[in-house]
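Novice: Starting from these lines, generate the structure:
(chains A and B)
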2 protein chains.
Amino acid sequence: MQRLAIAPSQFQNQQIILTAEQQHYLSRVLRLREGDRFIAMDGLGHWWLAKLEGNQAQILEPILQPNTELPVAITLMAALPKGNGFDEVVRYSTEVGVVAIVPLVSDRTLLNPSTGKLERWRRIAIEAAEQSERQIVPTILDPVPFATALSLAKDKNYICVARGDSPHLRDCLQNKDFAGSGDSPNPESRIPNPQHPSIAIAIGPEGGWTAAETEKAIASGFQPVSLGRRILRAVTAPLVALSLVAAAFED
Amino acid sequence: MQRLAIAPSQFQNQQIILTAEQQHYLSRVLRLREGDRFIAMDGLGHWWLAKLEGNQAQILEPILQPNTELPVAITLMAALPKGNGFDEVVRYSTEVGVVAIVPLVSDRTLLNPSTGKLERWRRIAIEAAEQSERQIVPTILDPVPFATALSLAKDKNYICVARGDSPHLRDCLQNKDFAGSGDSPNPESRIPNPQHPSIAIAIGPEGGWTAAETEKAIASGFQPVSLGRRILRAVTAPLVALSLVAAAFED
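Specialist: From the prediction side, this is the model:
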């Protein structure tokens, strides 16, 4: 059955007030007709069976679906790569299971993204969450300077650095005995629950972090880690890092 | 210093016979002039300092560079995704460290690629090997039917399946005591050496493998594995799997 992400504010009593864009999507793209059913997702882990009724949809019943979320709240902090590279980063990070993405403006970032890009990334996150059968849609924060991102530190924080002799992220993840502090990114979310640890992974831009950035991150409690000996592109590195974190925690 | 991949057949005595395309690349793209130096890589782990001399280059001396190769020979067998998705698969698989990529035509593959595509993938592999500072350029095989690929099995073989209750690839990689059988993809290669184990990872197309394909793979000694509970795109799944294999074996 087709699925549609709905903002919590659109729910009123047992009805969903559909936006013009959603009406278009349901009728023109998904080809649903009056009375057809679809799944409404609120992006916080709740699903409902809904029935299309003109500009609205009637909520029929809640759906309990299998939990596909990771038992860890992963936040990706990634410097914006050139061109449209961040589209891919948002898409695959969502598939792999992050709960939040923080676009970073670092010392070597060339791009200062427009509002249009931000809306685009949020749409991509919704699409990717649907396709990968996740319960929640990751939050894409407004782009922030790297120094601001450091203040969003989680239970455990890693900064990926190329070259040098940092320990491999794999080895740092072996020691998983850091407890969750209840730093869940969204208190209303069904998943991940507050007992789960939260992790942040920071990835630099093409050309890497400046020495000043790495030092500041380490001073803020970020552990410098390696992703291996080969030099990864800014678009590839986040998925390599997230794959390791997700696999280390998946039940 | 700029680097250029050279086919072993182009080496003659202490000279490199440059192709017209390489001459164009060196002089027009890299802007090298008569007498300028560059690094020639043979794709098998050997580098030389070379000097541009007209249509040729003179070899000055071998270069010993740090080894960035994995101590394991990973072959990716991936069903061709829609559109240009395989370009990305070739690029990031090269960055992560595979030695060979086998494009698969599976039951649900829509695409039967042209010769032009194959040449394009080989160019991408060369570029990505240079950028990621690898010693070797992965071999991109001609596309083969899935049944043929099964006959290319390595020391250890995994087939990634979505849904179902296969064990996680992470857990299967914990048991790494399978010995190398000397099945190195290229006996002339400096790296990986014949003592290293060889591993094949098979990844399906959009829509997944057919039941018949999975059964045939299992009968050929492929271990079915999961990459987690979320449904990954055909473009994302190879990098997730390769990240785990590379991390499991990196020194």
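
Novice: Please make it C-alpha for all contacts and neighbour counts, starting now.
Specialist: Noted.

Novice: partner residues bridging residue A:5?
Specialist: Beta-bridge partners for residue A:5, by DSSP bridges, are residue A:41.

Novice: what number of residues lie near it?
Specialist: Residues lying near residue A:5 (other CA atoms under 10 Å in any protein chain shown) number 19.

Novice: so it touches residue A:44, yeah?
Specialist: No - at 10.0 Å, residue A:5 does not count as touching residue A:44 under the criterion of CA atoms under 8 Å.

Novice: does chain B sit close to the host helix or strand of residue A:172?
Specialist: Per DSSP states H and E, residue A:172 falls inside helix A:169-174. Yes - against chain B, helix A:169-174 shows contacts by CA under 8 Å from any CA of the partner chain at residue A:170.

Novice: And stretch A:78-90, by the same measure?
Specialist: No - Stretch A:78-90 does not reach chain B (CA under 8 Å from any CA); its nearest approach is 9.7 Å.

Novice: Just to be sure, residue A:116 is in a strand?
Specialist: No - Residue A:116 is assigned helix when assessed by DSSP: H, G, I helix; E, B strand; the rest coil, not a strand.

Novice: Give the burial count for residue A:97, as a bare number.
Specialist: Residue A:97: 30 surrounding residues under other CA under 10 Å.

Novice: if I read this right, it contacts residue A:246, doesn't it?
Specialist: Yes - applying CA under 8 Å, one finds residue A:97 in contact with residue A:246, separated by 7.2 Å.

Novice: Overlap in contacts, those two.
Specialist: By the contact definition CA atoms under 8 Å, 6 or more residues apart in numbering or on different chains, residue A:97 and residue A:246 are jointly contacted by residue A:70.

Novice: so where do the strands sit in chain A?
Specialist: Taking DSSP state E, the strands of chain A run over residues A:3-5, A:11-12, A:15-17, A:37-41, A:47-53, A:56-63, A:73-79, A:100-105, A:139-140, A:144-145, A:156-160, A:198-203, A:223-225.

Novice: looking at those, which is buried most?
Specialist: Among those, the stretch with the highest mean neighbour count (mean count of other CA atoms under 10 Å in any protein chain shown) is strand A:73-79, at a mean of 28.

Novice: Report the distance from that strand to the chain centre.
Specialist: Mean-position distance between strand A:73-79 and its chain equals 7 Å (CA atoms, centre = their mean, to the nearest Å).

Novice: ok and that strand relative to strand A:198-203, angle-wise?
Specialist: Computed by axes from the mean of the first three to the mean of the last three CA atoms, to 10 degrees, the angle separating strand A:73-79 from strand A:198-203 equals 20 degrees.

Novice: now for strand A:73-79, which elements pack on it?
Specialist: Here strand A:73-79 touches strand A:100-105, strand A:198-203, going by 3 or more CA pairs under 8 Å, 6 or more residues apart in numbering or on different chains; DSSP states H and E.

Novice: now these in CSV, with mean pLDDT and distance to chain B?
Specialist: Shown next, in CSV, are the helices and strands packed on strand A:73-79 (pLDDT from 0 to 100; distance: least, CA to the nearest CA, whole Å):
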stretch, mean pLDDT, distance to chain B
strand A:100-105, 95, 16
strand A:198-203, 96, 16
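
Novice: got a markdown table for those, with distance to residue A:221 too?
Specialist: Below are the helices and strands packed on strand A:73-79 laid out as a markdown table (distance: least, CA to CA, whole Å):
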| stretch | distance to residue A:221 |
| --- | --- |
| strand A:100-105 | 18 |
| strand A:198-203 | 11 |
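
Novice: What's the local residue count around residue A:231?
Specialist: Using other CA under 10 Å, residue A:231 has 22 other residues around it.

Novice: what's the closest non-adjacent residue to residue A:30?
Specialist: Distance criterion CA to CA, 6 or more residues apart in numbering or on different chains; nearest residue to residue A:30, sequence neighbours excluded, is residue A:2 at 7.5 Å.

Novice: Could you pull up the residues touching that neighbour?
Specialist: Residue A:2 makes contacts with A:30, A:38, A:39, as judged by CA under 8 Å, 6+ apart.

Novice: confidence score at it?
Specialist: On the pLDDT scale, residue A:2 is placed at 84.

Novice: For it, give its distance to residue B:208.
Specialist: Applying CA to CA, to the nearest Å, the value for residue A:2 to residue B:208 is 19 Å.

Novice: Next: residue A:53.
Specialist: From residue A:53 to residue B:208 the distance is 35 Å (CA to CA).

Novice: do residue A:73 as well
Specialist: Here the criterion is CA to CA. By it, residue A:73 lies 28 Å from residue B:208.

Novice: go on, residue A:39?
Specialist: Distance, residue A:39 to residue B:208, using CA to CA: 23 Å.

Novice: ok, now which ones touch whichever residue of the stretch 151-251 of chain A sits closest to chain B?
Specialist: Using CA to the nearest CA, the closest approach of the stretch 151-251 of chain A to chain B is made by residue A:231 at 4.3 Å. Contacts for residue A:231 (CA under 8 Å, 6+ apart) come out as A:162, A:163, B:95, B:131, B:132, B:133.

Novice: Residue ranges in the stretch 1-150 of chain A under the pLDDT threshold?
Specialist: A:110-111 (pLDDT under 70).

Novice: ok, 80 please
Specialist: A:1, A:43-45, A:65-66, A:82, A:110-113 (pLDDT under 80).

Novice: Enumerate the residues of it near chain B.
Specialist: Going by CA under 8 Å from any CA, the residues of the stretch 1-150 of chain A near chain B are A:68, A:69, A:92, A:95, A:96, A:97, A:131, A:132, A:133, A:134.

Novice: Pull the contacting residues for residue A:1.
Specialist: If you count contacts by CA under 8 Å, 6+ apart, residue A:1 has them with A:37, A:38, A:39.

Novice: same deal with residue A:158?
Specialist: Taking CA under 8 Å, 6+ apart, we find residue A:158 in contact with A:199, A:200, A:201, A:202, A:222, A:223, A:224, A:225.
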